[in-house]
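Visitor: just to be clear, the model below is a prediction. Sequence and coordinates:
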Amino acid sequence: MSSDSVTMEELQPGSVVDTRYWHKIDGERIQCDLCPRYCKLKEGQRGLCFVRANLGGKIVLTSYGRSSGYCVDPIEKKPLNHFLPGTPVLSFGTAGCNLACKFCQNWDISKSREIDTLADAASPETIARAAEQLGCRSVAYTYNDPVIFHEYAIDVARACRERGIKSVAVTAGYVCEEPRREFYQWMDAANVDLKGFSEEFYHKLTGGHLQPVLDTLLYLKKETDVWVELTTLLIPGWNDSDEEIEAMTRWVVKELGPEVPMHFTAFHPDYKMLDVPPTPTATLTRAREIARKNGVRYAYTGNVHDKAGESTYCHACGQCLIGRDWYLLSDWNLDAHGNCNRCGTRCAGVFEAQHGEWGAKRQPVRLADYL
């Protein structure tokens, strides 16, 4: 729990909305029940996430309708390799985070304690309209975890669904059961950071716990139709041992199934872990090999240039189904139904008859142009 305090006068007009997931625990404090951190807040205090606070004897979201910026990205950057490949996605986030990862690769946004980070503003309808006019097939809630701006993300997803635009959550999966159910009924795809596979790793390096993340993954696969991919940032000396990768990949195949894609990505020194070296490409390749040996059909390397490790192969005949060179698609060997055009085996994912042509472009967007 943070001891930071906030008053109404400090907040942007219209940025505060009531929330549902909280309860009073004594005469002075309220417990936020959105995530397993369970921040217990006195009047005026913010939670660790920075954007939820006790104001007026209730938990409110203080960043509704405000963002750290909007950008059209390739969907592969999320990373999602099996969800509408080659298409553009309108991406945005807010400020703050409900974990405290010492290795955060996006700390300037997710660890921000400044309302000034939220420089751009847009209603849910404006975001949906902008995505439609920009030709985006989806909107991604990313840069920081959408769990903490739950109400805003759901309203945006609802507006997008009315226009036939899909919603993508890029998340650590650290959320409680009831809000989890409400949130994911509006999501079409999710990339979940499975940051490690030990309680020690989560406790020491994220300030959280492993089991709630596993619970989210089990819920997504067993009780929803959300397309799920996993990402693990491999940090030298912390979560990159053969033993941990063996345990993680076996759990994924047993509990989630062999068709869930896994992305093993490279760490670079950042935030509070500047003394740890970058991840060698060989480590990523080894993790990919372990995953495939244990039955993961779609295992990838990321944050390095590795065309073989970025591409998708048929698990039955071995043909390259989707070739990737960074974010550029170089091969496409799927038929109109998402089957291998050599042997007819289905490739798991959400595909259209033709892949997108967005490529590697990154296009910042001013939402004021779409009001």
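Guide: Structure's in. What do you need? Residues are numbered from 1 along each chain as shown.

Visitor: mind listing what residue 284 touches?
Guide: Residues near residue 284 by CB atoms under 8 Å, 6 or more residues apart in numbering: 234, 264-266, 301-302, 304, 306, 309. For every residue, glycine as well, the C-beta is placed using N, CA and C.

Visitor: tell me the secondary structure of it, please.
Guide: What DSSP: H, G, I helix; E, B strand; the rest coil gives for residue 284 is helix.

Visitor: for residue 94, see how far away it is.
Guide: Between residue 284 and residue 94 the computed distance is 30 Å (CB to CB, to the nearest Å).

Visitor: follow-up on the earlier one: now neighbour count too, for the contacts of residue 284, in a markdown table please.
Guide: As requested, these are arranged in a markdown table below (neighbours: other CB atoms under 10 Å):
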| residue | neighbour count |
| --- | --- |
| 234 | 24 |
| 264 | 29 |
| 265 | 19 |
| 266 | 20 |
| 301 | 24 |
| 302 | 20 |
| 304 | 18 |
| 306 | 19 |
| 309 | 20 |
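
Visitor: quick check, residue 34 in contact with residue 60.
Guide: No - look at residue 34 against residue 60 with CB atoms under 8 Å: they stay out of range, at 11.9 Å.

Visitor: now do the shared contacts for the two.
Guide: Between them, residue 34 and residue 60 have 19, 52 as joint contacts when contacts are counted by CB under 8 Å, 6+ apart.

Visitor: neighbour count: the two, which is higher?
Guide: Neighbour tally, residue 34 and residue 60, criterion other CB atoms under 10 Å: the higher count belongs to residue 34, 28 against 21.

Visitor: about what we covered before: going by distance to residue 51, which of the contacts of residue 284 wins?
Guide: Sorting those by how near they are to residue 51, with CB to CB, puts residue 265 at the top with 26.1 Å.

Visitor: circling back to that earlier point, of the contacts of residue 284, closest to residue 337?
Guide: For the contacts of residue 284, the residue nearest residue 337 by CB to CB is residue 309; the value is 26.4 Å.

Visitor: how about the contacts made by the closest one?
Guide: Taking CB under 8 Å, 6+ apart, we find residue 309 in contact with 284-285, 288, 300-302.

Visitor: need the max-distance pair from these.
Guide: Maximum pairwise distance among the contacts of residue 309 (CB to CB): 11.8 Å, between 285 and 302.

Visitor: if we can go back for a sec, closest to residue 360 out of the contacts of residue 284?
Guide: Taking these together and measuring to residue 360 by CB to CB, the closest member is residue 302, at 14.0 Å.

Visitor: show me what the closest one is bridged to.
Guide: Here residue 302 shows beta-bridge partners residue 265, assigned using DSSP bridges.

Visitor: where's it relative to residue 24, distance?
Guide: Using CB to CB, we find residue 302 at a distance of 44 Å from residue 24.

Visitor: could you give the number of residues near residue 352?
Guide: There are 14 residues near residue 352, going by other CB under 10 Å.

Visitor: again with residue 346
Guide: Other residues close to residue 346 by other CB under 10 Å number 15.

Visitor: who's in contact with residue 201?
Guide: The neighbourhood of residue 201, defined by CB under 8 Å, 6+ apart, consists of 195, 210, 238-239.

Visitor: change it to 10 Å
Guide: For residue 201, the residues meeting the contact criterion (CB atoms under 10 Å, 6 or more residues apart in numbering) are 195, 210, 235, 238-239, 244.

Visitor: ok, residue 150 touching residue 22?
Guide: No - proximity of residue 150 to residue 22 does not meet the contact threshold set by CB atoms under 10 Å, at 11.9 Å.

Visitor: what do the two both touch?
Guide: A shared contact of residue 150 and residue 22, defined by CB under 10 Å, 6+ apart, is any residue touching both; here these are 34, 52.

Visitor: show me which of those two is the more surrounded one.
Guide: With other CB under 10 Å as the criterion, residue 150 and residue 22 differ in neighbour count, and residue 150 comes out ahead with 24 against 21.

Visitor: surely residue 159 touches residue 65?
Guide: No - under the contact definition of CB under 10 Å, residue 159 does not touch residue 65, with a separation of 12.0 Å.

Visitor: who's in contact with residue 129?
Guide: Shown here is residue 129, whose contacts under the criterion CB under 10 Å, 6+ apart are 122-123, 159-160, 163, 165, 367, 370-371.

Visitor: now stretch 345-362: mean pLDDT?
Guide: Averaging the model's pLDDT scores along stretch 345-362 yields 95.

Visitor: now do the buried residues in that stretch.
Guide: Across stretch 345-362, burial judged by 16 or more other CB atoms under 10 Å covers 347-351, 356, 358.

Visitor: in the chain, which spans are helices?
Guide: If you assign secondary structure with DSSP state H, the helices in the chain sit at 107-110, 124-133, 150-162, 177-184, 199-205, 211-223, 242-251, 281-293, 307-310.

Visitor: and the third one, how far from the chain's centre?
Guide: Put plainly, it is helix 150-162. Shown here is helix 150-162, whose average C-alpha point lies 16 Å from the average C-alpha point of the whole chain (CA atoms, centre = their mean, to the nearest Å).

Visitor: could you give the average pLDDT over that helix?
Guide: Along helix 150-162, the predicted local confidence has a mean pLDDT of 98.

Visitor: give the other helices and strands that it contacts.
Guide: Using 3 or more CB pairs under 10 Å, 6 or more residues apart in numbering; DSSP states H and E as the contact definition, the elements that helix 150-162 packs against are strand 17-18, strand 59-61, strand 88-93, helix 124-133, strand 138-141, strand 166-171, helix 177-184.

Visitor: and those: which comes nearest residue 80?
Guide: Closest to residue 80 of the helices and strands packed on helix 150-162 is strand 166-171 (CB to CB; 6.7 Å).

Visitor: can you tell me which residues contact residue 264?
Guide: Under the contact definition (CB under 10 Å, 6+ apart), the residues listed for residue 264 are 230-234, 240, 245, 248-249, 279, 283-288, 290-291, 299-304, 309.
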